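Participant: When you get a sec, could you give me coordinates for this:
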Amino acid sequence: MSLPRFFVDLPLAPNTRVPLPADIAHHAFRVLRLRDGEDVILFNGQGGQVPARLEAEGKGGWAALGDHDPREAELPGRITLVQGIASGDKMDWVIEKAVEVGAHAIQPIAANRSVLRLSGDRLDKRLVHWRRIAVAACEQSGRNRVPQVFAPLTAEQYFVSAYPAGPDGVSAAPSPAPLRLICDPDAKDRLTILATQRAGDLANGVELLIGPEGGWSPEEMDLAARHGVQPVRFGDRVLRTETAGIALVSALSATLGWI
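Facilitator: Okay, here's the model as predicted:
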């Protein structure tokens, strides 16, 4: 059985003792019912992990660290999931599973057809919540680097940031640019066309655009086309927004030999 894993935002120098943050101590001793002297794994997102032994102390505790373990569980290439914000708890599911299957980062998009609208304090709280989900998914899946969950953008803002204007005011993709794909059930090409992609074309990763419920609007599809984003479809089935990103990240990893 694998050891419990905890993310701690602390330096983890080998063979030292570190205080457990209050939330980690509560989860370890009160929720998981771990006992003094039990072994766990700690990681801080900076790479690798450190085995540790718990030391209970009152309502808190310490961790006695062992030697650094350089183990990683990252894909050899970067896949960023650019996800149209889905309603309810679907977005939570997307972020959790995207981390589990190896996404390098998640960029939420406040799409034209997104039902969930966020702003101000509500947006800030939701972003904190999504980032905590990413951390928990790393703890569960064995990843030692936490994918970034970026603040939401509109589709237009995303393309402006992806294709910044040069000195002449003309917008152009940076070089080398990520390969950008947009999921479209009516696309001519299937995802399998990537099997023939040259390794050099993927050196800066892949960005996979998934629409919300109802898909991308015609205006957003036109915006993607004007920026040279390639439409692809998964197969002959239409996938729900909470399924599409996970399926395509997994299929993309397999197609490119990244798993």
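Participant: drop to CA atoms for contacts and neighbour counts, all remaining ones
Facilitator: OK.
Participant: In the protein, what residue spans correspond to helices?
Facilitator: In the chain, the segments counted as helices under DSSP state H are 22-26, 90-100, 120-141, 155-162, 218-226, 241-255.
Participant: want to throw these into TSV with distance to H68 and mean neighbour count?
Facilitator: Compiled in TSV, those are given as follows (distance: least, Cα to Cα, whole Å; neighbours: other Cα atoms under 10 Å):
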stretch	distance to H68	mean neighbour count
helix 22-26	20	16
helix 90-100	23	21
helix 120-141	17	16
helix 155-162	37	16
helix 218-226	44	14
helix 241-255	28	20
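Participant: For the protein, give me the ranges with low pLDDT.
Facilitator: Per-residue confidence for the chain (pLDDT under 70) gives these ranges: 1, 163-176, 195-201, 259.
Participant: Domain parsing of it, as residue ranges.
Facilitator: Domains of the chain are assigned by automatic domain parsing as 5-65, 79-255.
Participant: Within the sheet, what are the partner strands of the longest strand anywhere in the chain, with directions?
Facilitator: For the chain, the strand that runs over the most residues, judged by DSSP state E, is strand 50-57. Paired neighbours of strand 50-57 in the sheet (DSSP bridges): strand 39-43 (antiparallel), strand 60-65 (antiparallel).
Participant: any idea which of those is most buried?
Facilitator: When neighbours are counted by mean count of other Cα atoms under 10 Å, the highest per-stretch mean among those falls to strand 39-43, a mean of 22.
Participant: Figure out how far it is from the centre of its chain.
Facilitator: Going by Cα atoms, centre = their mean, to the nearest Å, the spacing between the C-alpha centre of strand 39-43 and its chain's C-alpha centre is 22 Å.
Participant: now the angle between helix 120-141 and it, please.
Facilitator: Our comparison of strand 39-43 with helix 120-141, counting by axes from the mean of the first three to the mean of the last three Cα atoms, to 10 degrees, yields an angle of 130 degrees.
Participant: i'd like the first residue to be 34 from this point on
Facilitator: Noted, 34 is the first residue going forward, which turns the last one into strand 72-76.
Participant: buried ones in stretch 220-228?
Facilitator: Neighbour-count burial for stretch 220-228 flags 222-225 (criterion: 16 or more other Cα atoms under 10 Å).
Participant: re earlier: of the helices of the chain, give the one that comes closest to P218.
Facilitator: Checking the helices of the chain against P218 by Cα to Cα gives helix 274-288 as the closest, at 10.3 Å.
Participant: what packs against the closest one?
Facilitator: For helix 274-288, the helices and strands in contact under the criterion 3 or more Cα pairs under 8 Å, 6 or more residues apart in numbering; DSSP states H and E are strand 112-117, helix 123-133, strand 239-243.
Participant: Format the helices of the chain as a markdown table; extra columns: distance to F76.
Facilitator: Rendered in a markdown table, the data for these read as follows (distance: least, Cα to Cα, whole Å):
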| stretch | distance to F76 |
| --- | --- |
| helix 55-59 | 12 |
| helix 123-133 | 16 |
| helix 153-174 | 9 |
| helix 188-195 | 31 |
| helix 251-259 | 38 |
| helix 274-288 | 25 |
